[in-house]
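Visitor: got a predicted model here, sequence first, then my questions.
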Amino acid sequence: MTSRACSKTMQMMVAGPGKGLLLAALLALAAPVAAQTNQAAKGRGPIANTPDQTIKGTAMAVEGDLLTINGTAVRLMGIDAPDPGQKCRNRYGHELDCFKVATAVLANMVKGEEVTCTVTEQDRTGEKKGECRVRGVDLGAAMVSRGWAFQYASLSPAYQKGEAYAQSKRMGLWAGQVEKPWQWRSRQLRETAK
């Protein structure tokens, strides 16, 4: 599929019609990245004192990197999507609420699908983190390879190729101007501290 066709697919996905076919196309695009992620994940093993936990069911996107599955919140491990209030610009220079767009993309991927999450970590605040899949495709890989989230390289290099692909094809957030979420958060803290 060409980058023009991918962009057109994403525009239609955000707009809404034909979601089933678009989900299938999106998941097919993410399959090569998911295979790479599987190989990287095999070497990591469980996090100390946190046995792997599997959660299956209907999911709802809360953010571009956060789902709730049957009421349990799970953050997609190894990625970072735009935060609430974060704005970006599309290829034409128009401002977008990139938080809402990234959340809508993830919502379309999980809508009407069974989601399986393997939770491998729980942070000090109790937030669960793990890998979530739809039809065997890693949702983190799909978000990064389509350009709607960034790999969190300091946490995991698993999505490096997917991000390089999205950036080279100027897909999703890479089509215009956006700050990486962790940079945006740091800037917000600095501005608030003034």
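Guide: Perfect, thanks for sending it.

Visitor: quick check: longest strand of this structure.
Guide: Longest strand in the chain by number of residues (criterion: DSSP state E): strand 53-63.

Visitor: which positions within it qualify as buried?
Guide: By neighbour count, with 16 or more other CB atoms under 10 Å as the criterion, the buried positions of strand 53-63 are 55, 59-61, 63. Where you see a C-beta, it was placed from the backbone N, CA and C, and this is true even at glycine.

Visitor: contacting residues around it?
Guide: 67-70, 72-74, 81, 83-84, 99, 102-104, 106-107, 109-110, 113-119, 128, 130, 132 (CB atoms under 8 Å, 6 or more residues apart in numbering).

Visitor: each with direction, which strands does that strand pair with?
Guide: Strand 53-63 sits in its sheet next to strand 66-69 (antiparallel), strand 114-122 (antiparallel), going by DSSP bridges.

Visitor: and the helices in the protein?
Guide: Per DSSP state H, the chain carries helices over the ranges 3-15, 19-42, 98-110, 139-145, 160-168, 181-193.

Visitor: what's the fourth one packed up against?
Guide: Based on contacts counted as 3 or more CB pairs under 8 Å, 6 or more residues apart in numbering; DSSP states H and E, the elements that helix 139-145 packs against are helix 19-42, strand 72-76, strand 79-80, helix 98-110, strand 128-134, helix 160-168.

Visitor: circling back to that earlier point, of the buried residues of strand 53-63, which is the nearest to Ser145?
Guide: Distance to Ser145 across the buried residues of strand 53-63 (CB to CB) is lowest for Ala61, with 17.1 Å.

Visitor: could the strands paired with strand 53-63 go into JSON lines alongside mean neighbour count?
Guide: Formatted as JSON lines, those follow (neighbours: other CB atoms under 10 Å):
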{"stretch": "strand 66-69", "mean neighbour count": "20"}
{"stretch": "strand 114-122", "mean neighbour count": "19"}
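
Visitor: export these to a markdown table and tack on distance to Tyr165?
Guide: Compiled in a markdown table, the strands paired with strand 53-63 are given as follows (distance: least, CB to CB, whole Å):
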| stretch | distance to Tyr165 |
| --- | --- |
| strand 66-69 | 23 |
| strand 114-122 | 24 |
